[in-house]
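# Next input, structure requested:
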Amino acid sequence: QVQLVESGGGLVQAGYSLTLSCVASGRTLSNYCMGWFRQAPGKEREFVASIRWSAGIIYYADSVKGRFTISRDNAKNTVYLQMNSLKPEDTAVYYCALGQRGIWYVSEYDYWGQGTQVTVSS
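A predicted model of the protein is given here:
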């Protein structure tokens, strides 16, 4: 059984940083892509960043490029999202996801975490 467990969300002021973590269990990740998505109230879930586990190829949404960094720790089966220079518009529930086909789209991912709230105050 695949489990994805996110942590690290919270309330911060604009300009500050947060790091999210997502621990995966129940799968060997070498053939998978792990992604971060976010969903603000009243909006659709949107892509933030992803990483192909074996190759380490990384993708970012334009809205976070240069501010967010995705990384992985193979030994811990964990993916991180370092978020710097946070803005109020980054406020959302952040989800990690796992999929063999995944890169950009929600439909490409098969497994999802429960989400962690990130709130950025102005």
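
# which residue is nearest the centroid of the chain?
In the chain, the residue lying closest to the centroid (C-alpha atoms, centre = their mean) is Trp36, at 2.2 Å.

# That one contacts Ser50, doesn't it?
Yes: with contacts counted by C-beta atoms under 8 Å, Trp36 reaches Ser50, the gap being 7.1 Å. The C-beta positions use only the backbone N, C-alpha and C, and glycine is treated the same way.

# Residues in contact with both of those two, list them for me.
Jointly contacting Trp36 and Ser50 under the rule C-beta atoms under 8 Å, 6 or more residues apart in numbering are Ile70.

# who does Val118 bridge with?
Beta bridges link Val118 to Gly10, Ala92, judged by DSSP bridges.

# so what pLDDT did it get?
Predicted confidence (pLDDT) for Val118: 98.

# likewise the one 4 residues further on?
The score at Ser122 is 93. That number is its pLDDT.

# Tell me how many other residues crowd it.
By other C-beta atoms under 10 Å, the residues close to Ser122 number 9.

# Check the gap between the closest residue to it other than its chain neighbours and Ala14 for me.
Among residues not flanking Ser122 along the chain, Pro88 sits closest, at 4.8 Å (C-beta to C-beta, 6 or more residues apart in numbering). According to C-beta to C-beta, to the nearest Å, Pro88 stands 6 Å off from Ala14.

# For these two, list the residues in contact with both.
120-122.

# Pro88 and Ala14: which has the busier surroundings?
Ranked by neighbour count (other C-beta under 10 Å), Pro88 and Ala14 place Ala14 first, with 14 against 11.

# re earlier: who are the neighbours in contact with the residue nearest to Ser122?
When contacts are counted by C-beta under 8 Å, 6+ apart, Pro88 touches 14, 120-122.

# one more time with 10 Å, if that's ok
13-14, 119-122 (C-beta atoms under 10 Å, 6 or more residues apart in numbering).

# what's the closest of the residues you listed to Ile103?
Val120 (26.1 Å; C-beta to C-beta).
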